[in-house]
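Chemist: could you work out the structure for the sequence below:
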Amino acid sequence: MRPIDSLERARLCRSALRIMKKRTACDAYKVFKINRNRAEAFVRIFDAPGGTPRRQGQPSNDEKELLRGAVVFAVGALDAFLHELILEIVPRFGGDRTRLNDALKQIAKDDPALALRVSLARDGEEKRCEFRDALDGWLSEKSFQGSAAVERALGFVNCRIEWADFDTASGMHTAERLQHYTKVRHSIVHRGAKPTVNRSEAGECVELIKSIAKLVNHRCIAFYDASCGIA
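Modeler: Model prediction:
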C-alpha cells in the first residue's frame, strides 16, 4: 500500500467532513420546525394549563381558542415553509422553468430593471440575490395554503410527490384533511368565526402539517443532493 502524502490526506479529510456535514434539512424546514413547535405549544398549554394536567370537563372559552390557535398557526407554518422553500431552491437550482414561466413573465413586467441589475451583478451569488428578491416580491402575493397550493409549490421546485405518498407518511387522507383544516383556518382568521375544534382535531392538524413538511423536505434534499449538490 502506497503511503498517503499530506495533500492526499487533506483531500480525504475534506471529503470526510463533507460527508459528516451532509444536510438533512433545508433552511426553510429548520424555520418550519420552530413554527411547528409554536403550534404544538398551544396544544401543550391546553393539556396542562399552568403546568398542571388539565382536568376533564368542558374547556373554557380561552382553552377553546388555544385549539383554534393551533390550527391557525400550523396551517400558516406550512404556508411559510413552502414560500421559503421556493426562495431557497429556485434562485439556486432553477426549479421547473415551465411551471415558473408565468411568474418569470410577471416579474419581468413588474420589475423591468431586474435584467439589467442581474447582468451588472458582480458574481453568481449577487445575481441570485437580485433574482431572489424579485421572486420574493412576487410570492408575497401568493398563498400556499390547501392541497392545490401544495401541488403548485412542489411544481415550482420540481419535486414530485404523489398524494398517496403523503397519505402513507401521515396515515390520513392528506389532501382531504388539509383542505378541511385550511377552511377552518380561513373561517377563524378571515371571518372571525369560532368553529368547534376539539383536542383530537387540533392534534391531528399539527401532525398532518408536520408530516407534509417533513416529506417535502426529505424529497427535496434527496433530489437536489443527487443532482446538484445541495448538501
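Chemist: go through stretch 72-82 and flag the buried ones.
Modeler: The neighbour-count check on stretch 72-82 (16 or more other CB atoms under 10 Å) flags 72-79, 81-82 as buried. In short, each C-beta sits where N, CA and C put it, glycine included.
Chemist: also stretch 43-56?
Modeler: In stretch 43-56, counting by 16+ other CB under 10 Å, buried: 43, 45-46, 49.
Chemist: contacts for it, please.
Modeler: With CB atoms under 8 Å, 6 or more residues apart in numbering as the test, stretch 43-56 has contacts from 59, 63, 66-67, 70, 199, 202-203, 206.
Chemist: low-scoring stretches of the chain, by residue?
Modeler: Within the chain, the segments meeting pLDDT under 70 span 1-22, 114-116, 118, 120-121, 123-124, 226-231.
Chemist: ok, and the most crowded of the contacts of stretch 43-56?
Modeler: residue 70 (28 neighbours; other CB atoms under 10 Å).
Chemist: three-state assignment of that residue?
Modeler: Under DSSP: H, G, I helix; E, B strand; the rest coil, residue 70 falls in the helix class.
Chemist: contacts only, for the residue nearest the centre of the chain.
Modeler: By CA atoms, centre = their mean, the chain has its centre lying nearest to residue 81, at 2.4 Å. Counting by CB under 8 Å, 6+ apart, residue 81 touches 28-29, 31-32, 35, 213, 216.
Chemist: what's the separation between it and residue 25?
Modeler: 11 Å (CB to CB, to the nearest Å).
Chemist: check residue 158 too.
Modeler: Applying CB to CB to residue 158 and residue 25 gives a distance of 19 Å.
Chemist: what about those two, which has more around it?
Modeler: residue 158 (20 against 15).
Chemist: what sits against the residue lying closest to residue 167 once chain neighbours are set aside?
Modeler: Once flanking residues are discounted, residue 167 sits nearest to residue 174: 5.2 Å by CB to CB, 6 or more residues apart in numbering. By CB under 8 Å, 6+ apart, the contact list for residue 174 reads 147, 163, 166-167, 208, 211-212.
Chemist: stretch 169-185: which residues count as buried?
Modeler: Neighbour count says stretch 169-185 has 169-170, 174-175, 177-178, 180-182, 184-185 buried, by 16+ other CB under 10 Å.
Chemist: of those, which belong to helices?
Modeler: 169-170, 174-175, 177-178, 180-182, 184-185 (DSSP state H).
Chemist: distance to residue 103 added to the buried residues of stretch 169-185, as JSON lines?
Modeler: Formatted as JSON lines, the buried residues of stretch 169-185 follow (distance: CB to CB, whole Å):
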{"residue": "169", "distance to residue 103": "28"}
{"residue": "170", "distance to residue 103": "29"}
{"residue": "174", "distance to residue 103": "26"}
{"residue": "175", "distance to residue 103": "24"}
{"residue": "177", "distance to residue 103": "29"}
{"residue": "178", "distance to residue 103": "23"}
{"residue": "180", "distance to residue 103": "29"}
{"residue": "181", "distance to residue 103": "27"}
{"residue": "182", "distance to residue 103": "22"}
{"residue": "184", "distance to residue 103": "29"}
{"residue": "185", "distance to residue 103": "25"}
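Chemist: which of the residues you listed lies closest to residue 194?
Modeler: residue 184 (10.7 Å; CB to CB).
Chemist: what's the offset of stretch 30-46 from the middle of its chain?
Modeler: 14 Å (CA atoms, centre = their mean, to the nearest Å).
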